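Student: got a predicted structure plus its sequence, pasted below:
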Number of protein chains: 2
Amino acid sequence: MADILSAVLARLQMLSTSDHASVVSMNLFVALLCACIVIGHLLEENRWMNESITALLIGLCTGVVILLVSGGKSSHLLVFSEDLFFIYLLPPIIFNAGFQVKKKQFFRNFITIMLFGAIGTLISCSIISAGVIQFFKLMDIGSLDLGDYLAIGAIFAATDSVCTLQVLNQDETPLLYSLVFGEGVVNDATSVVLFNAIQSFDLSHINTESALQLIGNFFYLFITSTMLGAIAGLLSAFIIKKLYFGRHSTDREVALMMLMAYLSYMLAELFYLSGILTVFFCGIVMSHYTWHNVTESSRITTKHAFATSSFVAEIFIFVYVGMDALDIEKWRFVSDSPGTSVAVSSVLLALVMAGRAAFVFPLSFLSNLTKKSPNDKIDLKQQVVIWWAGLMRGAVSMALAYNQFTRSGHTQLRANAIMITSTITVVLFSTMVRFLFLS
Amino acid sequence: MADILSAVLARLQMLSTSDHASVVSMNLFVALLCACIVIGHLLEENRWMNESITALLIGLCTGVVILLVSGGKSSHLLVFSEDLFFIYLLPPIIFNAGFQVKKKQFFRNFITIMLFGAIGTLISCSIISAGVIQFFKLMDIGSLDLGDYLAIGAIFAATDSVCTLQVLNQDETPLLYSLVFGEGVVNDATSVVLFNAIQSFDLSHINTESALQLIGNFFYLFITSTMLGAIAGLLSAFIIKKLYFGRHSTDREVALMMLMAYLSYMLAELFYLSGILTVFFCGIVMSHYTWHNVTESSRITTKHAFATSSFVAEIFIFVYVGMDALDIEKWRFVSDSPGTSVAVSSVLLALVMAGRAAFVFPLSFLSNLTKKSPNDKIDLKQQVVIWWAGLMRGAVSMALAYNQFTRSGHTQLRANAIMITSTITVVLFSTMVRFLFLS
């Protein structure tokens, strides 16, 4: 068995230096994705597992195999650019979130969702940032600057909106479902916007004025990105309604919706706005207006095709993360000081819980003040569920952590390596533990 | 207007050296694709136009604009790798052809289709190769070796299977439709297999033995590739039937079908087989077995999602070809000797017509000998339609020509430049003229 693997790997390594590199890596990846879908489906009834964890574990196992066969040299065959995440994998996930959101409940609870998703994420981010600044100084981590601390806040403020929903039932608890899902997608967008605002901001000399500028920058990004997405969605509805009146063509309609959504994302990136927010609102507007102007087959096709793309993109991220998790380079620093790593992960988990508690309970109280009907109010039990359901960290956190702490997939600095391994630990731990308790 | 464009282009050129290069180029491309769909739809009733020509013309116009604004420096913003065609654009087109083929008519006329698609393409390729060897020696073209001549044969033996069908009606003329479509897809696959066999073959010392080896190589590729595709298709049907019995999940089914199809293509490429043939037969088997084991929504989704991907990939190729058609580098050689270029294009067009005539009429005669019912026989009028319908050259010819005669999108040699420009001329001319006469 090891001989065969060794031969295959030798061939793969020989090929990876030739033109065949992309072919080999894509083969391996596509085969792993297929395996994830099949195994994830088989394990569906197991309460410890979901598709994300399966994908992570399969990635880990593949990493171990490659590690053993290559004699400990590397655990991944390919180094992906971070652009891959932000240009190809994130857009379908976020667009689909906007496209599939139940609009009636979403707009009914719009204020509360926005409070949780936007203001809550800001609070959570501030608390985590403040916490890591305090605690990390006491530990021996290495050089991190203010920008890194703020980025950590944004990274761990991003919840996993999709896994979250696998444990809530839309029909039994419509209010909770809509709040948790709505918060999840707005939170995804907010944390990415926040992350970009922090990255593009000069933090070397900070004062009140520059802090206000940061907040102003955040709201400018938020509003322009939302507008761009809404305009793109409305434009697609207008084009399909006007041009295709009387004679519909499913393939053209689907192609146009897909391309317009992607165009809105890319335009936002071109003008340095938040593509995530743009494509999320483009998804909402498209499912509200465009979707009702197309043929029945186009409706079914878009609904499932978008969900499938999002599903595949997520599995892809998890397999990659699982594979990369074993990268020797990163764990070499960690194995020198295992205590520090455990401490960092524990501090981060505690801060994530505290940061979430710090906005869920106060903001629920605020939201309850504005509601008259007792049915619309969020009682304490529901508040606890909302707090607990949003503790999971997932693909967005991983993507942001890679963006901040690696250069072309490599981590040379000790501090960066610890941050990446801690992010992986937090994602794995929060996902597994939360599932165990809720289901 | 020119000032704005100039400013935009300056920005684009500045960006194209930075990380934003891919963002800018994708923006431009996605916007152009949207424009092609809308304009193509508006011009649908115009008998001179179809989507491919629209895409070509839009690419040409964009090329002119870039050329004027950049002061004649270049006509395209980006240099695509040829891998793009063969890894991302061709698989969805060919898979969709296999997936959408009417299997009843296809298998009923299987022998005839295979005769036309495989043997016919071989005959056509030999005649075109022999023709160019004869005629090009009389002209002042530059250095082309035997491999180039044979490649030209394979390039111009590839018909445009998709455009062909826009002028035939499946309900009025089922036999003709099935023959022309079936031949078209088998021909696509055959010409790519042939092209690869020629490229990978050592032509420096040719004799009877090596010629037999070439033919043996061709049949080996043909059979193993077909088998691999059929196995991948059957495997997907088996997995979906066994695992999903009783509890279906549309997104997983669609994802699995898509990934398995792509995996079959990539596996074929990995083992140096013909991915095109593999994915074509995978499409046929999937639509025959897998498709009947999935939910109703999965059926609608896969049908339209695959058609849409194929549609977008084709438009993409045509826009790119249109943009690239104006590349100064290529036409510089041509403008030195316009007579030669016209002569080369005319010779190629004549050879395409002769090569097609040389197999349609004899093979129809052979096919008629095996049929008993007069309804199944192909009469002379139908033979003429089949001959005429397959004269169009399209995306596959372009992709193969780029593969053979450019290095990373550039053409330094005079002979190569002439071949690329002649291919563009033949594609444009054959597409336009044929549409005019048939519709």
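Tutor: Great, that's in hand.
Student: let's see the pLDDT reported for residue A:71.
Tutor: With respect to pLDDT, residue A:71 scores 69.
Student: max-length helix in chain A?
Tutor: helix A:208-243 (DSSP state H).
Student: pull out the buried positions in that one.
Tutor: Within helix A:208-243, the residues scored as buried using 16 or more other Cβ atoms under 10 Å in any protein chain shown are A:214, A:217-218, A:221-222, A:224-226, A:228-237, A:239-240, A:243. Yep, even glycine has a C-beta here, placed from its N, CA and C like the rest.
Student: which strands or helices does the helix or strand following that helix pack on?
Tutor: Once helix A:208-243 ends, the next helix or strand along the chain (criterion: DSSP states H and E) is helix A:250-270. When contacts are defined as 3 or more Cβ pairs under 8 Å, 6 or more residues apart in numbering or on different chains; DSSP states H and E, helix A:250-270 sits against helix A:90-100, helix A:208-243, helix A:275-288, helix A:296-324, helix B:21-42, helix B:296-325.
Student: and those helices, which is most packed in?
Tutor: Greatest average neighbour count among the helices and strands packed on helix A:250-270 goes to helix A:275-288 (a mean of 28), per mean count of other Cβ atoms under 10 Å in any protein chain shown.
Student: how about the residues of the stretch 101-250 of chain A by chain B?
Tutor: A:239, A:243-244, A:249-250 (Cβ under 8 Å from any Cβ of the partner chain).
Student: next, residue A:145: phi, psi?
Tutor: phi -100, psi -180 (degrees, to the nearest 10).
Student: and chain A, what are its domains?
Tutor: A:1-70, A:82-438 (the TED database).
Student: let me know which of those is tucked in deepest.
Tutor: Highest mean neighbour count among those (mean count of other Cβ under 10 Å): domain A:82-438, a mean of 20.
Student: which strands or helices does the one helix or strand residue A:111 maps to pack on?
Tutor: If you go by DSSP H and E, residue A:111 is part of helix A:110-114. Taking 3+ Cβ pairs under 8 Å, 6+ apart as contact, the helices and strands that helix A:110-114 lies on are helix A:174-199, helix A:338-370.
Student: which stretch in the ones you listed is the model least sure about?
Tutor: helix A:174-199 - the lowest mean pLDDT of those, at a mean of 80.
Student: that one to helix A:208-243, inter-axis angle?
Tutor: 120 degrees (axes from the mean of the first three to the mean of the last three Cα atoms, to 10 degrees).
Student: how far is helix A:174-199 from where the chain is centred?
Tutor: 10 Å (Cα atoms, centre = their mean, to the nearest Å).
Student: one more: stretch A:301-308?
Tutor: 19 Å.
Student: what sits up against it?
Tutor: A:92, A:95-96, A:99-100, A:250, A:254, A:257-258, A:283, A:291, A:294, B:250-251, B:254-255, B:258, B:297-298, B:300-301, B:303-305, B:308 (Cβ atoms under 8 Å, 6 or more residues apart in numbering or on different chains).
Student: what mean pLDDT does it get?
Tutor: If you average the pLDDT values across stretch A:301-308, you get 92.
Student: and residue A:141, backbone torsions?
Tutor: According to degrees, to the nearest 10, residue A:141 has phi -110, psi -40.
Student: next up, the contacts around the most centrally placed residue in chain A.
Tutor: By Cα atoms, centre = their mean, chain A has its centre lying nearest to residue A:396, at 2.2 Å. Residues near residue A:396 by Cβ under 8 Å, 6+ apart: A:90, A:158, A:160, A:188, A:191-192.
Student: how about 6 Å then?
Tutor: A:158, A:188 (Cβ atoms under 6 Å, 6 or more residues apart in numbering or on different chains).
Student: separation between it and chain B?
Tutor: 20 Å (Cβ to the nearest Cβ, to the nearest Å).
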